[in-house]
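In: when you get a sec, could you give me coordinates for this:
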Amino acid sequence: MCDLAASPKKIEFHKPGENALLAFAKAFFTDPKRNAVMQVSWEEVVQVIEGCSIADAQGILMQAWNLTLTAKGGVSKTNPVTLETLERARKMIRIA
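Out: Okay, here's the model as predicted:
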């Protein structure tokens, strides 16, 4: 039997670097379910999510996507994702 209370262990996860965040953001926004129109460079996207864990980055990107879809009073995949929207999303997501 495993006694977890006897010796709690801390597991440390390192935050991903720029290349990993870039790959994650590209995969997120180019997913066929989203196929987002981007009005922001990939470098700017990475700057917004820099220093985040993958989970936090996903939260920011999802919030930005949702804000983009509803920005003009309705859902439309032709509304571009903007730097402003990404920055608003970052402020809305609580980063651990």
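In: now do the same for residue 32: helix, strand or coil?
Out: coil (DSSP: H, G, I helix; E, B strand; the rest coil).
In: poorly predicted segments of this structure, please.
Out: Low-confidence segments of the chain, defined by pLDDT under 70: 1-7, 73-77, 96.
In: residue ranges for the helices of it, please.
Out: 18-30, 42-49, 54-70, 83-92 (DSSP state H).
In: run through who's touching the second one.
Out: What it means is helix 42-49. 18, 21-22, 25-26, 29, 38, 56-57, 60-61, 83, 86-87, 89-90 (CB atoms under 8 Å, 6 or more residues apart in numbering). In short, each C-beta sits where N, CA and C put it, glycine included.
In: which two of those residues have the greatest separation?
Out: Maximum pairwise distance among those (CB to CB): 20.4 Å, between 38 and 56.
In: distance of residue 22 from residue 85?
Out: 18 Å (CB to CB, to the nearest Å).
In: more neighbours: which of those two?
Out: Taking other CB atoms under 10 Å, residue 22 and residue 85 do not tie; residue 85 has more neighbours (21 against 16).
In: distance check, the more buried one against residue 13.
Out: To residue 13, residue 85 is 28 Å away according to CB to CB.
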